[in-house]
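**Student:** Next comes the sequence, and after it the predicted model I'd like to discuss.
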Amino acid sequence: MPRELELFGIVFPTLIPLLLLAGGLSWLLDGALARSGFFRNVWHPSLFRISVTVLMFSVFGLLLFSR
């Protein structure tokens, strides 16, 4: 995957789509965990949600830039 994407003559970093992907996946995971009642066992659900998003984004970024 290229490290820069061009869309209509505008060049932007590949990390932007990765952030959107991580946000979407964490949103889906959040819905599944909420339906299962997982958040009753979590001390701070908002902090957990943000940390899952940051963790996914970091893993995607490391996979992109490890090559």
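**Tutor:** Structure received.
**Student:** So which residues of the protein form helices?
**Tutor:** With helices called from DSSP state H, the chain shows them at 15-36, 45-65.
**Student:** ok, Ser46 - how many residues close by?
**Tutor:** Here the count is done by other CB atoms under 10 Å, and Ser46 has 9 residues near it. All C-beta atoms are positioned from the backbone trio N, CA, C, and that covers glycine.
**Student:** and it, what pLDDT?
**Tutor:** Per-residue confidence at Ser46 stands at 94 (pLDDT).
**Student:** Quickly note the distance from it to Gly23.
**Tutor:** Counting by CB to CB, to the nearest Å, the separation of Ser46 from Gly23 is 15 Å.
**Student:** Ile50 too?
**Tutor:** Computed with CB to CB, the distance linking Ile50 and Gly23 is 11 Å.
**Student:** Just give the closest residue to Arg3, not the sequence neighbours.
**Tutor:** Residue nearest to Arg3 in three dimensions, not counting chain neighbours: Thr14, with 5.4 Å by CB to CB, 6 or more residues apart in numbering.
**Student:** Distance check, the residue nearest to Leu25 when sequence neighbours are not counted against Val42.
**Tutor:** In space, Leu25 comes closest to Met56 once its chain neighbours are excluded; the distance is 5.9 Å by CB to CB, 6+ apart. Remark: distance between Met56 and Val42 (CB to CB) = 17 Å.
**Student:** what about these two, which has more around it?
**Tutor:** Between Met56 and Val42, counted using other CB under 10 Å, the more crowded position is Met56 (19 against 12).
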